[in-house]
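1. generate coordinates for the sequence data below:
(one chain, ligands or ions: 1)
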Amino acid sequence: MTTRAPALLVLEDGRAFRGHAYGADGETFGEAVFSTGMTGYQETLTDPSYHRQVVVQTAPHIGNTGVNDDDPESGRIWVAGYVVRDPARRASSWRSERSLDEELAAQGVVGISGIDTRALTRHLRERGAMRVGISTVETDPDALRQRVLDSPEMLGADLAAEVSTQEPYVVPADGERRFTVVALDLGIKTMTPRRMAERGIEVHVLPATASIDDVLAHEPDGLFLSNGPGDPATADGPMHVVQQALERDLPFFGICFGNQVFGRALGFGTYKLGYGHRGINQPVQDRGTGKVEVTAHNHGFAVDAPLDGTTETPYGTAEVSHVCLNDDVVEGLALRGGDGRLKGFSVQYHPEAAAGPHDAAYLFDRFTDVMTAAAAASQPQKEA
Ligand SMILES: NC(=O)CC[C@H](N)C(=O)O
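-> Below you'll find the model as predicted:
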């Protein structure tokens, strides 16, 4: 690979790095975040939750296994920009169909290579996630910084509708259908409905703007809310759908953005983390069983709920079910009815694990358990 043209990266606080063009030429802006995953760059790039974020990979070699058409988590690359230390000079994998550099260029994604990603990551850890610009056309850091300061912030960004499907679609159950679930697409990853389909769930994926009537029209056994980009404090529409579903005792499961929206529906607040959790080896404890699972994360916001004790809500009793052992951030919520039955739950991390470890796959089984128990509870009681 020949050395590409110079490129410039400038953070909103003025720190600048010089490297080389990677992917498309041009200029891009977004929120600078780092991901510590050693594998799974294709899944990272195509995760809609990264919309408007510039991802810094801490793994120094990126692109080694090229790009294939099987692993993407959506129909396109969503990251606003891509920052790597040392791109692979050639891709080597029997599954590879083209190089990552070619793919980024074909999809118009501006990147930068050859910069000290360790120094950049340490800077973001100390100062927090912040806006950034990458340019292959601007050489003056002050001029680029001015444009970074003019670009939109992540706090207050309402982005789910920008990545959501326009039209409803169905992912059929593998084998016999056991349950029907409506999934609100706030930025859903391909692997999530697949994990449900494997368990006999037929998934009706609806746009982020769907109403409770749209949901109920499918006569679902449960409601699911997906991951997604932006600030959960803006997601009022989906939050009302969750509240109306809980009023009707519809079993609920949420992942990531879905966990944050569930938290808001239960009356908790959300807040922005300093630099977030992004990687595939984050330790989380399931407080019900005491077990620790190694999990995949991608979140910059979190739910503000008390770690100890329970909270009474209009829909039942809520508690924090999972916690991150690195920093005590809330990683899951559980809602129980008066009889102690689990009515709904959610996690801040990624049990679909694309990419990542499969420790948390049991949560999809838990969803089928909740739907089974709800169906049993709604059966008319037999005469004694
Ligand atoms: N992966 C997600 O769903 C991310 C949720 C939210 N946008 C956050 O950054 O916290």
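2. what ranges do the strands span in the stretch 101-250 of the chain?
-> Remark: strands assigned in the stretch 101-250 of the chain by DSSP state E, counting those that start in this stretch are 110-113, 130-135, 169-171, 179-185, 201-207, 222-225.
3. give me the neighbour count for residue 292.
-> 12 (other Cβ atoms under 10 Å). For glycine as for every other residue, the C-beta is placed from the backbone atoms N, C-alpha and C.
4. look at it and report its pLDDT.
-> Per-residue pLDDT puts residue 292 at 98.
5. run a quick neighbour tally on the closest residue to it other than its chain neighbours.
-> Sequence neighbours aside, residue 285 is the residue nearest to residue 292 in space, at 5.1 Å (criterion: Cβ to Cβ, 6 or more residues apart in numbering). Using other Cβ under 10 Å, residue 285 has 17 other residues around it.
6. dig out what the nearest residue to residue 172 once chain neighbours are set aside forms beta bridges with.
-> Of all residues not flanking residue 172 in the chain, residue 202 sits nearest, at 5.7 Å (Cβ to Cβ, 6+ apart). Taking DSSP bridges as the rule, residue 202 bridges to residue 180.
7. ok, residue 202 to residue 222 distance?
-> 11 Å (Cβ to Cβ, to the nearest Å).
8. follow-up on the earlier one: quick one: which of the strands of the stretch 101-250 of the chain is nearest the ligand?
-> strand 222-225 (9.6 Å; Cβ to the nearest ligand atom).
9. show me what contacts the residue nearest to residue 252 when sequence neighbours are not counted?
-> Sequence neighbours aside, residue 344 is the residue nearest to residue 252 in space, at 3.1 Å (criterion: Cβ to Cβ, 6+ apart). Applying Cβ atoms under 8 Å, 6 or more residues apart in numbering to residue 344 gives the contacts 246, 251-254, 262, 315, 334-335, 370.
10. which of these come close to the ligand?
-> Applying Cβ under 6 Å from any ligand atom to those, one finds that nothing falls near the ligand.
11. picking that back up, helix, strand, or coil at the residue nearest to residue 252?
-> Under the three-state scheme (DSSP: H, G, I helix; E, B strand; the rest coil), residue 344 adopts strand.
12. for residue 204, see how far away it is.
-> 18 Å.
13. go on, residue 160?
-> Following Cβ to Cβ, the distance that separates residue 160 from residue 204 is 18 Å.
14. so which of these two has more stuff around it?
-> Higher neighbour count among residue 160 and residue 204: residue 160, with 31 against 21, using other Cβ under 10 Å.
15. ok, that one - contacts?
-> With Cβ under 8 Å, 6+ apart, residue 160 has these contacts: 186-187, 208, 228-230, 235, 238, 257.
16. state the distance from it to the ligand.
-> 9 Å (Cβ to the nearest ligand atom, to the nearest Å).
17. check what pLDDT that residue gets.
-> 98.
18. each with direction, which strands does whichever strand or helix holds residue 317 pair with?
-> Using DSSP states H and E, residue 317 maps to strand 316-324. Strand 316-324 pairs in its sheet with strand 269-286 (antiparallel), strand 311-313 (antiparallel), strand 330-336 (antiparallel), by DSSP bridges.
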